[in-house]
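**Student:** sequence first, then the predicted structure:
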Amino acid sequence: MFPALMLVLRESRDIPDPPLGSDKRESNVMTVKRLTAGFISTVFAWLGVATSALAQSTVGGAPTDKGLWLQDAASEQAQKISDFNELLLWIIAAITVFVFVLMFYVMWRFREKANPTPSKVTHNTALEVIWTAAPVLILIGIGVISLPLLYWQDQIPETDMAIHVTGNQWNWTYNYPDYGDIELTANVVPDATFTNASARAAAEEELSSFLGWPAKLNARLLDTDYRVVLPVNTRVKVQLTASDVLHAWTVPAFGVKLDAVPGRLNETWFEANKTGVFYGQCSELCGKDHAFMPIAVEVVTKEEFARWVELQGGTITAENNPTSLGR
Ligand SMILES: [Cu+2]
């Protein structure tokens, strides 16, 4: 057990500290998260799975070295999903420990030497009722937590603005119907751009002039030439469709994943509560370049968003002014 404990302690230290100003409850959550992450990393180390293969992102949504656990949540949905996932992990761990302890106890207690005349009992009503009812109760308990969460995500509340997202083979087109129908199409930044310094500088310059503020490319296969720009603390309705085949618009930091279906309009929503760049990927196998149609969302302050809308030639009125929307 000792090497495993050392691994838990060592790995726990690799998880970044909570941001300044977080309250006690958040720090408790972080402690649980650290211990859970340490536990998982130990399990993976035992299995010989390189933890680097599980590299997860921190704020910004790009992968980080030795990253572990889910991406940092940037919306209430993502936080709730992450908390629920954590709870499930504890339930699973408790069940696994219970079964293992029981198995080893039975193997030891009823081995031939200690128990030369085995019992002939084949039936025990009380025991059978318990081992049927207990799993049912556990599943009901999980359902009581998970189904309301699923329903809450599925119901579109009153939103502040909408974006239209269209999946194409193999890029995404975005429209902002509330702001004079700004339209942009985001393509993956090719690999060659990341390996060539001048091409990279040119791509960053073009992105910066599109955004109206300096931008850097962060992540190979996740960065796009143009980004979806959205205001922070504003409830956004995402209306999704596809022009050719099935795609799926997924941004883990927002807890959003929904299929884009040709000829159909699917809706989802989220409210980003942090500024930064958040990455996602098409998550429905859509053809040969399925792996090369990432999603990059830049969440900015409401003032910056208003500036960006003006830069794109969009219209801002009293009703749609981002500074008066949201919380
Ligand atoms: Cu796709």
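**Tutor:** Arrived safely. What you see is a predicted model; the values in this text were computed from it and never measured. Numbering: from 1, shown residues only.

**Student:** the helix or strand hosting residue 297: what's the following helix or strand?
**Tutor:** Assigned by DSSP states H and E, residue 297 belongs to strand 294-300. Helices and strands here follow DSSP H and E; after strand 294-300, the next one along the chain is helix 302-311.

**Student:** that following helix: how far from the chain's middle?
**Tutor:** 27 Å (Cα atoms, centre = their mean, to the nearest Å).

**Student:** show the average pLDDT along that helix.
**Tutor:** If you average the pLDDT over helix 302-311, you get 93.

**Student:** and the angle from the strand holding residue 297 to helix 302-311?
**Tutor:** Using axes from the mean of the first three to the mean of the last three Cα atoms, to 10 degrees, the inter-axis angle of strand 294-300 relative to helix 302-311 is 120 degrees.

**Student:** pull the CA atoms of stretch 250-257 into PDB?
**Tutor:** Taking Å, rounded to 0.1, in the frame of the first residue of the first chain, the C-alpha atoms of stretch 250-257 are listed here in PDB:
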ATOM      1  CA  THR A 250     -19.200  19.700 -28.100                       C
ATOM      2  CA  VAL A 251     -17.400  22.000 -25.600                       C
ATOM      3  CA  PRO A 252     -16.600  20.100 -22.400                       C
ATOM      4  CA  ALA A 253     -15.900  23.200 -20.400                       C
ATOM      5  CA  PHE A 254     -19.500  24.400 -20.900                       C
ATOM      6  CA  GLY A 255     -21.000  20.900 -20.400                       C
ATOM      7  CA  VAL A 256     -22.500  21.000 -23.800                       C
ATOM      8  CA  LYS A 257     -22.700  18.300 -26.400                       C
END
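
**Student:** that one close to the ion?
**Tutor:** No: judged by Cβ under 5 Å from the ion, stretch 250-257 and the ion are separated, with a smallest distance of 10.0 Å. C-beta coordinates here come from the backbone N, C-alpha and C atoms, glycine included.

**Student:** quick check: mean pLDDT of that stretch?
**Tutor:** 94.

**Student:** tell me the domain boundaries of the protein?
**Tutor:** 1-120, 126-155, 161-324 (automatic domain parsing).

**Student:** which of these has the lowest average pLDDT?
**Tutor:** Here the lowest mean pLDDT among those goes to domain 1-120, at a mean of 68.

**Student:** about what we covered before: is any residue of the strand holding residue 297 near the ion?
**Tutor:** No: Strand 294-300 is not in contact with the ion by Cβ under 5 Å from the ion; minimum separation 10.0 Å.

**Student:** helices and strands around that strand, which ones?
**Tutor:** When contacts are defined as 3 or more Cβ pairs under 8 Å, 6 or more residues apart in numbering; DSSP states H and E, strand 294-300 packs onto strand 228-231, strand 247-251, strand 276-281.
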